[in-house]
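Participant: Kindly return the folded structure for what I paste below:
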Amino acid sequence: MNYTGQKAILNSTSEEGIILQEINENNIGWKVQFSFENKNLIKRFDYNEITIVEKVKDELLLKQLIKNINSEDLDTQFWSSEILCYFVEEYGNDIEMAELAKAIESMINKLKVENEYNIEQKLAEGIFEFLWLEKIDKKEEEKLIITLAKLNKDCFYCYLNDDDYLSITEVKKFIERKQIEYNTSH
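Facilitator: Predicted coordinates:
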């Protein structure tokens, strides 16, 4: 059975949540990443520690992931950012554009205040997975790319340093600025 996207109950406390992903933790056994419904927290549990209730809609899973990227818990932030990237890649075409747009906006807002590089990198990857779905027109894509360049985050360098984007003035300035930073820091 695929546990991802299932509403579940934690047996020990009867707390409800959503299983965001199944993982093989350190190659010692499979666990589920459980996002609590009433807490902004993700924890890992063995299969026997949960009871499956029902499958949830992808939109609900997406909303839970967006909630979790803003958790105060660093592991929760990282795991949700990582899962969100995968989710957009795998299920993005099945999600309504309005829901995806809200998710991307939330990811950008998180990036504006985020300083943990690993989280930034996963959020950036998720945003570009969205762009690669080609669900927005070129004008909207350019606006989004300009917004990303203006964030001035290192995590966007490898994505924006591309011939498709270098013709955009803001991107070119961003790349030049980063190249100067990289060259003077070594």
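
Participant: show me where the chain has strands.
Facilitator: In the chain, the segments counted as strands under DSSP state E are 6-10, 16-24, 30-36, 42-45, 50-55.

Participant: Need the winner for burial among those.
Facilitator: strand 30-36 (a mean of 21; mean count of other CB atoms under 10 Å). Using the backbone N, CA and C atoms, a C-beta is placed for each residue, glycine as well.

Participant: what's it packed up against?
Facilitator: Other elements packing on strand 30-36 under the criterion 3 or more CB pairs under 8 Å, 6 or more residues apart in numbering; DSSP states H and E are strand 6-10, strand 16-24, strand 42-45, helix 58-69, helix 74-91.

Participant: for the record, mean pLDDT for it?
Facilitator: For strand 30-36, mean pLDDT rounds to 94.

Participant: same question, stretch 135-151
Facilitator: Averaging pLDDT residue by residue across stretch 135-151 gives 95.

Participant: Name the residues of it that come out as buried.
Facilitator: By 16 or more other CB atoms under 10 Å, the buried positions in stretch 135-151 come out as 136, 141, 142, 144, 145, 147, 148, 149.

Participant: Against residue 44, how distant is the residue lying closest to the second one once chain neighbours are set aside?
Facilitator: Okay, so that is residue 141. The shortest distance from residue 141 to any non-neighbouring residue, by CB to CB, 6 or more residues apart in numbering, is to residue 131 (6.2 Å). Relative to residue 44, residue 131 is positioned 31 Å away (CB to CB, to the nearest Å).
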